[in-house]
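J.: give me a model of this one.
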Amino acid sequence: MHIKELKELTQILYFEGDYALFRAKDGKGLYHGVINRKGEIVWNDQWRHIVLRVHEYPNIFRTHNDENPPKTIFYDVEKHAFVKPPVCKQELSQAQRIVENAQHIPFIKDIPDFFNYPSLCYLSEEYIGFSPENYNWGVQDLEGNIVLPVQFDSIGSGGEPNHFAVSKDNKAGVINDKGKWVIPPVYDSIHWRRAYYVAYIKEPRRKKKAGLLDKSGNVLVPFEYDFLDPAYTEDVISAKKRGRFLFINSHNEKIKLF
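T.: A predicted model of the protein is given here:
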C-alpha cells in the first residue's frame, strides 16, 4: 500500500536512513506505521500503540502489543518479520547516554556532579540543559559552569551550537549563550527542525498556526498552517492546512513528493 492512498494522513516524521514514521486516522482512531522513501507502507502497527525507532538499528522499530500488561515487540521492516529484542548498548546513566548519543563529543567516563540533576537534555557539543527541580531550565557547559541560569519553562537546541530555543512566561524565542535574544520571544512555541525554526502563534479566538523561520528569525512560510515539519530534506516540508495534508518548500510552494 502507498502512503498517498491513506485518506487521513496526519503526520510524517523524520526520515533516518531509508525509513520514516507516519501517523494517520481511520474510523477507529489514530494509528502508526513506517514508510520507505518511495512512500510505500512497509509496516502498519495493528495494535495502535506509539511506534518508535531503534536508533542503533535503522530498519528495526518497536511498539507494544495488546497483552496485559503490554509487551514490547520489535519489527524488522526489511525482513518483514517480528524479531527478538536487538542487542543494544549496555544501560548507562542518563548523563552518559546524553553524551554518548550526541556522537560528536568523546565518551565521558568521569561524570561531573552537575549531571546528577533530575532532568537533562542535550543541546549541542558544548552545552547541556539542566533542571534542578524538574521545573525550570538553565544551561551549563560540559565542565559544569553555569552559562544561563535556571529561568526557562522549556529549552531545546537551536540552529547554532550556542543558540537555544526557549520559552519563558508563555512566550518563546531563541537566545544565545550570552543571554541575548537572537529571535525575540514573541511566539507561543518555537522548535529547531533540520534547517529551520518551526514557530506557532495563536491568533485571537483561533487555533495556533505554524510558520517557518530562518536562523535569523525571518519568516519564510507565513503562519497559515495547522503544522509544519521538515520531514524529508532541508527543503521538503510536510504540512497541514484546512484539514489537508500536503508538502511545500521553504518558498511556500506546493510540491509533489510521491
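
J.: ok, what's across the strand from Ile155?
T.: Beta-bridge pairing for Ile155 (DSSP bridges): Val166.

J.: what's the distance between it and Pro161?
T.: Counting by CB to CB, to the nearest Å, the gap from Ile155 to Pro161 is 14 Å. The C-beta positions use only the backbone N, C-alpha and C, and glycine is treated the same way.

J.: please identify which of those two sits among more neighbours.
T.: Relative neighbour count places Ile155 above the other of Ile155 and Pro161, with 24 against 15, counting by other CB atoms under 10 Å.

J.: ok, that one - contacts?
T.: When contacts are counted by CB atoms under 8 Å, 6 or more residues apart in numbering, Ile155 touches Cys121, Leu123, Gly129, Trp137, Val139, Phe164, Ala165, Val166, Ser167.

J.: contact partners for the second one?
T.: Residues in contact with Leu123, defined by CB under 8 Å, 6+ apart, are Gly129, Val139, Ile155, Gly156, Ser157, Phe164.

J.: could you dump those to CSV with pLDDT and distance to Val77?
T.: Formatted as CSV, these follow (pLDDT from 0 to 100; distance: CB to CB, whole Å):
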residue, pLDDT, distance to Val77
Gly129, 86, 33
Val139, 92, 38
Ile155, 92, 34
Gly156, 90, 29
Ser157, 90, 28
Phe164, 96, 35
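
J.: quick one: neighbours of the nearest residue to Glu40 once chain neighbours are set aside, just the number.
T.: Nearest residue to Glu40 in three dimensions, chain neighbours excluded: His2, at 5.9 Å (CB to CB, 6 or more residues apart in numbering). By the criterion of other CB under 10 Å, His2 has 11 neighbours.

J.: pLDDT score assigned to His2?
T.: His2 is assigned a pLDDT of 86 by the prediction.

J.: could you do Asn68 as well?
T.: 81.

J.: spell out which residues make up each domain of this structure.
T.: 3-83, 94-255 (automatic domain parsing).
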